[in-house]
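In: next comes the sequence, and after it the predicted model I'd like to discuss.
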Amino acid sequence: MTREKLVRAVEYIQDQLDADLTVSGIAQAVGMSPYYFARLFKESTGQSPHQYVVEARVRKAKELLTTGKFTISEAAHQVGFVDQSHLTRHFKRVFGVPPKRLLESQKARDCGLRV
(Lines give C-alpha, C1' and ligand atoms only; values in the text may rest on other atoms or scores of the structure.)
Protein backbone atom coordinates (compact mmCIF):
# COMPACT_ATOMS: atom_id res chain seq x y z
CA MET A 1 0.00 0.00 0.00
CA THR A 2 1.34 3.43 -0.79
CA ARG A 3 2.26 5.60 2.16
CA GLU A 4 -0.31 8.18 1.02
CA LYS A 5 -3.17 5.66 1.04
CA LEU A 6 -2.07 4.25 4.39
CA VAL A 7 -1.99 7.75 5.92
CA ARG A 8 -5.42 8.48 4.45
CA ALA A 9 -6.81 5.22 5.85
CA VAL A 10 -5.40 5.89 9.33
CA GLU A 11 -6.71 9.46 9.31
CA TYR A 12 -10.13 8.23 8.21
CA ILE A 13 -10.16 5.67 11.02
CA GLN A 14 -9.16 8.27 13.62
CA ASP A 15 -11.83 10.69 12.38
CA GLN A 16 -14.55 8.03 12.43
CA LEU A 17 -13.79 6.13 15.67
CA ASP A 18 -17.26 6.77 17.04
CA ALA A 19 -18.92 5.53 13.83
CA ASP A 20 -19.56 2.02 12.58
CA LEU A 21 -16.29 1.45 10.74
CA THR A 22 -16.20 -1.31 8.14
CA VAL A 23 -13.41 -2.58 5.93
CA SER A 24 -15.45 -1.70 2.87
CA GLY A 25 -16.06 1.84 4.17
CA ILE A 26 -12.38 2.44 4.88
CA ALA A 27 -11.39 0.87 1.55
CA GLN A 28 -13.85 3.11 -0.28
CA ALA A 29 -12.41 6.17 1.49
CA VAL A 30 -8.98 5.39 0.03
CA GLY A 31 -10.23 4.18 -3.36
CA MET A 32 -9.49 0.47 -3.09
CA SER A 33 -11.43 -2.78 -3.14
CA PRO A 34 -12.14 -4.14 0.36
CA TYR A 35 -10.22 -7.38 -0.19
CA TYR A 36 -7.15 -5.68 -1.65
CA PHE A 37 -7.25 -2.97 1.02
CA ALA A 38 -7.46 -5.49 3.90
CA ARG A 39 -4.56 -7.51 2.54
CA LEU A 40 -2.28 -4.51 1.95
CA PHE A 41 -3.27 -2.86 5.22
CA LYS A 42 -2.21 -5.95 7.16
CA GLU A 43 1.07 -6.13 5.21
CA SER A 44 1.73 -2.46 5.98
CA THR A 45 0.73 -2.36 9.65
CA GLY A 46 0.99 -5.95 10.85
CA GLN A 47 -2.64 -5.80 11.94
CA SER A 48 -5.93 -6.45 10.21
CA PRO A 49 -8.09 -3.34 9.75
CA HIS A 50 -10.42 -4.66 12.46
CA GLN A 51 -7.56 -5.15 14.96
CA TYR A 52 -6.23 -1.69 14.15
CA VAL A 53 -9.64 -0.06 14.67
CA VAL A 54 -10.19 -1.81 18.02
CA GLU A 55 -6.75 -0.77 19.29
CA ALA A 56 -7.25 2.80 18.04
CA ARG A 57 -10.55 2.94 19.93
CA VAL A 58 -8.94 1.59 23.10
CA ARG A 59 -6.07 4.10 22.91
CA LYS A 60 -8.50 6.98 22.34
CA ALA A 61 -10.63 5.78 25.27
CA LYS A 62 -7.53 5.76 27.49
CA GLU A 63 -6.78 9.30 26.37
CA LEU A 64 -10.33 10.39 27.25
CA LEU A 65 -10.24 8.63 30.62
CA THR A 66 -6.96 10.24 31.64
CA THR A 67 -8.55 13.70 31.21
CA GLY A 68 -10.84 12.88 34.12
CA LYS A 69 -13.85 14.27 32.22
CA PHE A 70 -15.44 10.95 31.22
CA THR A 71 -16.71 7.87 32.98
CA ILE A 72 -15.70 4.51 31.54
CA SER A 73 -19.15 4.12 30.02
CA GLU A 74 -19.05 7.59 28.45
CA ALA A 75 -15.58 7.00 27.02
CA ALA A 76 -16.72 3.66 25.60
CA HIS A 77 -19.57 5.32 23.74
CA GLN A 78 -17.41 8.24 22.59
CA VAL A 79 -15.07 5.88 20.73
CA GLY A 80 -17.64 3.50 19.29
CA PHE A 81 -17.78 0.59 21.71
CA VAL A 82 -21.21 -0.89 22.33
CA ASP A 83 -20.91 -0.63 26.11
CA GLN A 84 -18.50 -0.43 29.02
CA SER A 85 -17.83 -4.17 29.17
CA HIS A 86 -16.91 -4.22 25.48
CA LEU A 87 -14.33 -1.49 26.12
CA THR A 88 -13.10 -3.18 29.31
CA ARG A 89 -12.47 -6.50 27.56
CA HIS A 90 -10.36 -4.90 24.84
CA PHE A 91 -8.71 -2.39 27.18
CA LYS A 92 -7.47 -5.21 29.39
CA ARG A 93 -6.15 -7.10 26.37
CA VAL A 94 -4.24 -4.05 25.07
CA PHE A 95 -2.97 -2.53 28.34
CA GLY A 96 -3.03 -5.51 30.71
CA VAL A 97 -5.31 -3.80 33.23
CA PRO A 98 -8.98 -2.82 33.17
CA PRO A 99 -9.81 0.87 32.76
CA LYS A 100 -11.05 1.07 36.36
CA ARG A 101 -7.57 0.19 37.60
CA LEU A 102 -6.11 2.92 35.38
CA LEU A 103 -8.51 5.46 36.90
CA GLU A 104 -7.75 4.28 40.44
CA SER A 105 -4.00 4.57 39.93
CA GLN A 106 -4.45 8.00 38.36
CA LYS A 107 -6.51 9.18 41.36
CA ALA A 108 -3.84 7.88 43.72
CA ARG A 109 -1.15 9.78 41.82
CA ASP A 110 -3.28 12.93 41.83
CA CYS A 111 -3.59 12.63 45.63
CA GLY A 112 0.17 12.27 45.99
CA LEU A 113 0.12 8.60 46.90
CA ARG A 114 2.66 6.15 45.56
CA VAL A 115 1.29 3.50 43.26
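Out: Arrived safely.

In: OK, contacts around Arg8?
Out: Going by Cβ atoms under 8 Å, 6 or more residues apart in numbering, Arg8 touches 29-30. Backbone N, C-alpha and C define where each C-beta goes, glycine included.

In: now do it, the pLDDT please.
Out: Arg8 is assigned a pLDDT of 96 by the prediction.

In: okay, and it sits in which element?
Out: Per DSSP states H and E: Arg8 is located in helix 3-15.

In: that helix: which residues count as buried?
Out: Neighbour counts over helix 3-15 (16 or more other Cβ atoms under 10 Å) mark 5, 8-10, 12-13 as buried.

In: next one: stretch 28-47
Out: The neighbour-count check on stretch 28-47 (16+ other Cβ under 10 Å) flags 29-30, 32, 37-38, 40-42 as buried.

In: mind listing what the closest residue in space to Arg57 that isn't next to it in sequence touches?
Out: Of all residues not flanking Arg57 in the chain, Val79 sits nearest, at 4.3 Å (Cβ to Cβ, 6 or more residues apart in numbering). Contact analysis of Val79 by Cβ under 8 Å, 6+ apart lists 17-18, 57-58, 60-61, 64, 87.

In: next: Val82.
Out: Applying Cβ under 8 Å, 6+ apart to Val82 gives the contacts Ala76.

In: then the one 4 residues further on?
Out: In this structure, His86 makes contact with Ala76, judged by Cβ under 8 Å, 6+ apart.
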